[in-house]
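Novice: Any chance you could fold what I've pasted below:
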Amino acid sequence: MNTTAEGREFEPHYGDLFLLVPRKPRLTQFSRSFHAVFTQMNTVILILISGRATLPSPKDSISSARSVGSHHKGYLGFVEPRGPAAETPTVPLLDYVDWRPNMSAVKDQGQCGSCYAESAVGAYEAAWSLRTGRVHNFSVQQAMDCSEKQGNQKCNGGWMHAVYEYIMDGHGILLDSQDPYTAMDGNCSKANPNGEIAYLKNWSYVHPSQRALLHWITKQPISIAVSADDCWQNYDSGIVNGTNCPSSLSPPQLDHGVIAVGYDLRGTEPYFLVRNSWGTSWGEDGYIRIAINSTHPSGLFGLASQPTVPLL
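Specialist: Now for the predicted structure:
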């Protein structure tokens, strides 16, 4: 992580209402019940979000997005739950945070609605790196293929928190070299007790506000969900804001899981740094800079609406 100047608290004009809930072990009874309801509903929701009949090929996904519009959303693969949030860290904000050195290379999910797995595994491997001092490339394929019992549906979409639940249930997560990504549904490859396996103690939702998200990013990368509209799909470079991308201010329809990996508060236009899973040919080598918006509580593209964090 890189920082400049001394740590400082974020300006109060972001003015988000905080409803802090102390962290509980695993899921509370409320969120377990909520998860059960959505597990029953997600088949219909996933069909609505992740229909893949007219998808572009993986290698052409960015250029094709410009011509096929909403059809590109066929392999976004995120559905929207919600539950109690962990208490926002009291760590002061810094001028600049960038966790990219603590993560493996940007992935390309291809023609598969595995963004939820890409997001969860990417945030988890960063947390593991911060804990152990080593960067690992964990298996997105295993996370996708093995978390059906927790409510996910492989290439047809799912939830980041369900991946965390799978890891927490004692299964662990393999390295990508042990179960490589194929961009297709596969059979579940359970962790080998004799191999290198990483485990997880807990996970939590983050309070849905830009301010809370900034405090959490100061500690580690965070899984987030966004509305990946045409403006998102066509992003090339620069800082996205409400002027050059008016649709980003629309009420969010969350359909894509990504990772918030940093922020920059130094310039005239502070921004979040977000990692996508559409390869390095999209955006700025696979990343997008999104303005921190003082008048839009959930953030542009709804990025602060649905954060989740793995807790080691």
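Novice: how about Gly299, what does it touch?
Specialist: Counting by Cβ atoms under 8 Å, 6 or more residues apart in numbering, Gly299 touches Gln210, Leu213, Phe272, Ile290, Ile292, Asn293, Ser305. C-beta here means a position set from N, CA and C on the backbone, and glycine is covered the same way.
Novice: how about stretch 222-242: buried residues?
Specialist: Neighbour-count burial for stretch 222-242, counted by 16 or more other Cβ atoms under 10 Å, picks out 222-229, 231-235, 239-241.
Novice: model confidence over stretch 90-109, on average?
Specialist: Averaged across stretch 90-109, the pLDDT comes to 96.
Novice: Now find how far off-centre it is within its chain.
Specialist: 12 Å (Cα atoms, centre = their mean, to the nearest Å).
Novice: now swap in stretch 138-154 and tell me
Specialist: 15 Å.
Novice: Equivalent analysis for stretch 108-115, please.
Specialist: For stretch 108-115, the distance to the chain centre is 13 Å (Cα atoms, centre = their mean).
Novice: for stretch 248-264, same thing?
Specialist: On Cα atoms, centre = their mean, the centre of stretch 248-264 falls 8 Å from that of its chain.
Novice: Kindly export it (C-alpha atoms) in PDB.
Specialist: Only the C-alpha atoms of stretch 248-264 are listed here, as PDB (Å, rounded to 0.1, in the frame of the first residue of the first chain):
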ATOM      1  CA  SER A 248     -23.900   6.300 -13.200                       C
ATOM      2  CA  LEU A 249     -26.100   8.500 -11.100                       C
ATOM      3  CA  SER A 250     -29.200   6.400 -11.900                       C
ATOM      4  CA  PRO A 251     -30.800   4.200  -9.200                       C
ATOM      5  CA  PRO A 252     -28.500   1.200  -9.000                       C
ATOM      6  CA  GLN A 253     -29.500  -2.100 -10.500                       C
ATOM      7  CA  LEU A 254     -26.600  -4.200  -9.200                       C
ATOM      8  CA  ASP A 255     -25.500  -6.900 -11.600                       C
ATOM      9  CA  HIS A 256     -21.700  -7.100 -11.500                       C
ATOM     10  CA  GLY A 257     -19.300  -8.000  -8.800                       C
ATOM     11  CA  VAL A 258     -15.900  -6.300  -8.700                       C
ATOM     12  CA  ILE A 259     -13.300  -5.200  -6.200                       C
ATOM     13  CA  ALA A 260     -12.500  -1.800  -4.600                       C
ATOM     14  CA  VAL A 261      -8.700  -1.900  -4.300                       C
ATOM     15  CA  GLY A 262      -7.900   1.700  -3.400                       C
ATOM     16  CA  TYR A 263      -8.700   5.400  -3.400                       C
ATOM     17  CA  ASP A 264      -7.000   8.800  -4.000                       C
END
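Novice: Let me see the mean pLDDT of it.
Specialist: Averaged across stretch 248-264, the pLDDT comes to 95.
Novice: Could you give me the buried positions within it?
Specialist: 248-249, 252, 254-264.
Novice: and those, which two are the farthest apart?
Specialist: Asp255 and Asp264 (26.3 Å; Cβ to Cβ).
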